[in-house]
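>>> missing the sequence, but the structure's below:
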């Protein structure tokens, strides 16, 4: 049973019960669409992408069972999902919900092994955390046991939370050890432009301060697709400052767009494209995305959105943090964690990465 972008008058309230392994997909329903009571005994596969404000979802799938997947992507302000799936066990994703969205009381009997992902919520979620016994983060619950190493193609992983991975001379970083298992440690043996550690703390954990500084590693190549996750704060939010980039070859980087402050976050793999999310010069952000030619995605603190145009097809020849090799401005700010994979993200992968980093860094 599939409903694609239905009109407001489309009658899909009280859709008949669906059998196990059923799939219901409703893409971008318009305001006023009546979905209350949808599929009351549905077992598997409800997906609702970008519903408009005032879409009535209260009571959807009230007896949905373990092993299901409920996906609500970027709902608009005013969406009513209070009481959604009260006995849901596994598989709910709510990505980047808008302000004033009603989530109070969602899934009150959900188990601690569930996959509930709420990426950087901007709405009231009173009562959401308390029934989730053993869950630490109010921003999202990742799949049980998830770590970035569980995703295919882990290539690079630098984590300031692992203090033993950071080597210093005085207060300056000489090396940042790779946690991926590939041995690609970032180094700076020049002495003149090393970042500082311990740097500005993020919720009690020291990070690395960059001020026209550089850490780099050579000797490998990662072609597209390549995916990334970055926990960063840019205290100078102007003109094309690089956070991560290739160490040589064609431009391939993630940073700030080459425009005046406040410059938005951007990806540049041959063509520069802004990715969603503000860059206010003071807040910490989680940048996530996949560089995959015309199918590239990127965002900050939410599931990825398709970029307006292709950012190009360049990969990584070596890797660096803090300054690119081809002339963009250097990062002025702090970095807490950087991860790179040689694969493209799925929505669930991205949700898990976000929830992992939000929980870990209390963002």
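Nice, I can see it. All values derive from a computational prediction rather than experimental measurement.
>>> neighbours around residue 354, how many?
Close neighbours of residue 354, defined as other Cβ atoms under 10 Å, add up to 29. Backbone N, C-alpha and C define where each C-beta goes, glycine included.
>>> For it, which three-state class applies?
Classification of residue 354 by DSSP: H, G, I helix; E, B strand; the rest coil places it in helix.
>>> Confirm for me that residue 267 is in contact with residue 253.
Yes - Residue 267 is within contact range of residue 253, at 7.5 Å (criterion: Cβ atoms under 8 Å).
>>> Where does the prediction get shaky in the stretch 1-150 of the chain?
By pLDDT under 70, the weakly predicted segments of the stretch 1-150 of the chain are 1-144.
>>> Okay, helices next: where are they in the chain?
When assigned using DSSP state H, the helices of the chain occupy the ranges 347-361.
>>> Would you map the strands across the stretch 251-363 of the chain?
Using DSSP state E, counting those that start in this stretch, the strands of the stretch 251-363 of the chain run over residues 253-256, 265-268, 272-274, 285-291, 297-300, 305-306, 316-321, 329-330, 332-341.
>>> would you list those in TSV and tack on mean neighbour count, mean pLDDT and distance to residue 226?
Shown next, in TSV, are the strands of the stretch 251-363 of the chain (neighbours: other Cβ atoms under 10 Å; pLDDT from 0 to 100; distance: least, Cβ to Cβ, whole Å):
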stretch	mean neighbour count	mean pLDDT	distance to residue 226
strand 253-256	27	94	10
strand 265-268	25	93	11
strand 272-274	18	91	15
strand 285-291	25	93	5
strand 297-300	23	87	12
strand 305-306	14	86	17
strand 316-321	23	96	6
strand 329-330	18	92	22
strand 332-341	24	97	6
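>>> Ok, which of the ones you listed comes nearest residue 157?
Among those, strand 332-341 comes nearest to residue 157, with 4.9 Å by Cβ to Cβ.
>>> Can you check what angle separates the closest one from strand 316-321?
140 degrees (axes from the mean of the first three to the mean of the last three Cα atoms, to 10 degrees).
>>> What helices and strands are in contact with strand 332-341?
In terms of contacts (3 or more Cβ pairs under 8 Å, 6 or more residues apart in numbering; DSSP states H and E), strand 332-341 is packed against strand 154-159, strand 208-211, strand 226-234, strand 241-245, strand 316-321, helix 347-361.
>>> let's see 6 Å
In terms of contacts (3 or more Cβ pairs under 6 Å, 6 or more residues apart in numbering; DSSP states H and E), strand 332-341 is packed against strand 154-159, strand 208-211, strand 226-234.
>>> rewinding a little: between the strands of the stretch 251-363 of the chain, which one is nearest to residue 193?
strand 329-330 (8.7 Å).
>>> Sheet partners, orientation included, of the closest one?
Strand 329-330 pairs in its sheet with strand 241-245 (parallel), by DSSP bridges.
>>> I would like the residues contacting the strand it pairs with, please.
By Cβ atoms under 6 Å, 6 or more residues apart in numbering, the surrounding residues in contact with strand 241-245 are 230, 232, 253-256, 320-321, 324, 328-329, 331, 338.
>>> Format those residues as CSV; extra columns: distance to residue 298.
Listed next are those as CSV, based on distance: Cβ to Cβ, whole Å:
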residue, distance to residue 298
230, 11
232, 14
253, 12
254, 8
255, 12
256, 13
320, 19
321, 18
324, 17
328, 17
329, 20
331, 17
338, 15
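>>> Max pairwise distance over these: which two?
Longest span within these, Cβ to Cβ: 329 and 338, 18.4 Å.
>>> Please name the residues that touch residue 202.
By Cβ under 6 Å, 6+ apart, residue 202 lies in contact with 336, 361.
>>> tell me the pLDDT at it?
Looking at residue 202, its pLDDT reads 95.
>>> Pairing-wise in the sheet, spell out the partners of it.
Taking DSSP bridges, one obtains residue 205 as the residues bridged to residue 202.
>>> before we move on, what about residue 254?
Bridge pairing for residue 254 (DSSP bridges) gives the partners residue 244, residue 267.
>>> Give me the distance between residue 180 and residue 319.
11 Å (Cβ to Cβ, to the nearest Å).
>>> what do the two both touch?
Residues within reach of residue 180 and of residue 319 at once, by Cβ under 6 Å, 6+ apart, are residue 156.
>>> re the thing from before, okay, the helices and strands packed on strand 332-341 in TSV with distance to residue 260 next?
Listed next are these as TSV, based on distance: least, Cβ to Cβ, whole Å:
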stretch	distance to residue 260
strand 154-159	30
strand 208-211	20
strand 226-234	14
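>>> Looking at the ones you listed, spot the one closest to residue 249.
Closest of the helices and strands packed on strand 332-341 to residue 249 is strand 226-234, at 13.4 Å (criterion: Cβ to Cβ).
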